[in-house]
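>>> Okay, here's the prediction I keep looking at, along with the sequence it came from:
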Amino acid sequence: MMRNKKNQVVVSQIKSKRVALACMLCAALLVFTACTDSGVPLRGESGSALPEVAVAEVAPIGDAMLEFTQDATFYLPRFDGSSLVSLTASVNCSAARLDTESIIRSLLNHTGNGVASAMGGDVKLSLYGANPVEISGDVATVNLAASALQLSRKELYICGQAIANTLTELGNIHYVNILVMDRPMGLDIGSTLPAGSLTRSMVSDIGAIFEQKLSQRVEAGDDPVEKKLSATVTLYFPLSDINGMMAEARNITFPSQRPSDMVIKILDELSEGSVMVAGSPTLPLLSGLLVETPRVEEPENGDGKMITLHFDASLDDMLRTMGVSRASCLGAIAYSLSTFIPNVTGVETYIGDERVEHVMLGATSGIMFENGIQRRANYASLLMDECTLYFANSDNTALVRVQRPIPYYQRTNPRALLLELFQGPSEEDSVTKTNQVLPEGLLSDADILGVSLQNKTLAINLSDLFIQAGEGITSQQDRLLAYAMVNTLLCDERATKICFFVNGNPLDAFTGEVYWSGYFYRNEGLVHAK
């Protein structure tokens, strides 16, 4: 009897160990699956299906619920001098707008603490314009309202460096321009010395850096032609496949500080072409097409400096040869000059005997210039940044990651990204010979019934038309469709998972390969290395 009881105990212990081992193997299987192919919840095979978890989110109607909170590192002026102090703050953001704009608004509203003062001190700083923070490539441009003019040039420079340090904490931004009401401010009172693009600075005395830069100015009695200037300049390069331009910063040495010579140098740099901007061809030698020396004048009405350019009539033919529209070229010139030359408010351009009064953006749309003056704001809609999209490769066996220029303020907007995906492959994509994952022309903006973001979960509610996307597709196409949408929408750290609805209801399976009613996680397993 004692031996039987011992045997029973041993058997019971063995059974317990086997149960525990089985649980550990199940857990390991789940972890392994999550690390390999769980970006899309796939159905199991031959009775070994994983549990199908229903989502807890509610199908969104509209895009109102896109707010979230994130921590950011702020830099503020120190109370007792011209150095900067860093602190961490919580920022209210939205997936419908740039995080950089939310961060700068919060920075300008920060009241400081026992060590740091508010930005601008007693002067309340705010942003200017409909889209006051621009992002293109690794360059940010912050447009401040008129209250910034109450600051001294040194105080404005220190605030600008605080903004630059704050934005470069994000990692993808390396250069920052500061404008006041669409105008770059000079380092000197007379607005003759450009500030250029700011970079990250950990120097303890920002005021000393300002004084060092200020020493490059042309003093009374100096000949500006004999005064060199080295500065970081943001150039805007035109794109060839669309009406648009993108930014690239570079260090430039100006052999002369005469304004007309500085304009010519910038035109020469634009003509050399971009190093970083894909889809921007080399331009004709713009300065060589000038039939007159550029004029940089300041009208008596005090409305800032005006730059006048006279190009030869052959400019249009040369642009057509390069595949660049007049709008893209003139927009790039106007943006480059009015982001660097201090206090420039407009550019007047002649091509042959014609003063450019407007530019066309297509057969039926264009941009009109009041009194023929091209202002920076006129071309704001042409500023682009790159978004990341996923399409199928040429034989529909894998996904390909592509970069596409879109209006900069839409780069991370979920609705905008979906619309780009609905459009399918395009000529301006960084990778060619890709295939769409959705039937062409099937879905439009009206078919995105709602988008929400809560607790790192993105919820997408589509119309009934999305069901047609699954008609007649194979199991492989089912997976590619899911991965393309998921990887495109989870392009940043705002959300870690996503769920889909159709007309407010969980989505039924297409082929049975993918469990569309569950949560989806980003997965690069099907992405081709190309």
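That came in fine, so what should we check first?

>>> what about stretch 398-417, start to end distance?
One end of stretch 398-417 to the other measures 20 Å (CA to CA, to the nearest Å).

>>> And it, what's buried?
398-402, 404-417 (16 or more other CB atoms under 10 Å). Heads up, the C-betas are built off the backbone N, CA and C, glycines and all.

>>> again, but for stretch 246-266
Neighbour counts over stretch 246-266 (16+ other CB under 10 Å) mark 246-249, 252, 254, 256-266 as buried.

>>> got it, and stretch 426-435?
Neighbour-count burial for stretch 426-435, counted by 16+ other CB under 10 Å, picks out Ser426, Glu428, Asp429, Val431, Thr434.

>>> Repeat that for stretch 287-306.
Buried residues in stretch 287-306, defined by neighbour count with 16+ other CB under 10 Å: Ser287, Leu289, Leu290, Pro294, Val296, Gly304, Lys305, Met306.

>>> Lowest pLDDT pick from those?
Across the buried residues of stretch 287-306, the smallest pLDDT goes to Gly304, namely 92.

>>> what residues are up against it?
Arg183, Glu298, Asn343, Val344, Thr345, Gly346 (CB atoms under 8 Å, 6 or more residues apart in numbering).

>>> Could you tell me which of the buried residues of stretch 398-417 belong to helices?
If you go by DSSP state H, the buried residues of stretch 398-417 have Pro414, Arg415, Ala416, Leu417 in helices.

>>> For the third one, which non-adjacent residue is closest in space?
It stands for Ala416. With sequence-adjacent residues excluded and distances taken as CB to CB, 6 or more residues apart in numbering, Ala416 is closest to Gln410, at 3.7 Å.

>>> Am I right that the one you found is in contact with Cys387?
Yes. Contact criterion CB atoms under 8 Å: Gln410 and Cys387 qualify, at 7.4 Å.

>>> The stretch 301-450 of the chain: helices as residue ranges?
Per DSSP state H, counting those that start in this stretch, the stretch 301-450 of the chain carries helices over the ranges 315-322, 326-340, 414-423.

>>> I figured Arg494 was touching Phe68, is that so?
Yes. Arg494 lies in contact with Phe68 (CB under 8 Å); the separation is 6.5 Å.

>>> shared neighbours, those two?
What both Arg494 and Phe68 touch, as defined by CB under 8 Å, 6+ apart, is the set Cys93, Ala95, Leu453, Lys456.

>>> So which of these belong to strands?
With strands defined by DSSP state E, the entries of the shared contacts of Arg494 and Phe68 inside them are Cys93, Leu453.

>>> Could you turn the buried ones of the shared contacts of Arg494 and Phe68 into a PyMOL selection?
PyMOL command restricting the shared contacts of Arg494 and Phe68 to the buried ones, with burial defined by 16+ other CB under 10 Å:
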select buried, resi 93+95+453
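
>>> On the three-state scheme, Phe500 is what?
State at Phe500, reduced to three classes by DSSP: H, G, I helix; E, B strand; the rest coil: strand.

>>> what's across from it in the sheet?
Beta-bridge partners recorded for Phe500 (DSSP bridges): Ile460.

>>> residues in contact with it?
Applying CB under 8 Å, 6+ apart to Phe500 gives the contacts Ala459, Ile460, Asn461, Leu462, Met485, Leu507, Trp516, Phe520.

>>> Which of the residues you listed scores worst on pLDDT?
Lowest pLDDT among the contacts of Phe500: Leu507, 90.

>>> gap between the nearest residue to it once chain neighbours are set aside and Arg415?
Using CB to CB, 6+ apart and skipping residues adjacent in sequence, the residue nearest Leu507 is Trp516, 4.0 Å away. Using CB to CB, to the nearest Å, we find Trp516 at a distance of 20 Å from Arg415.
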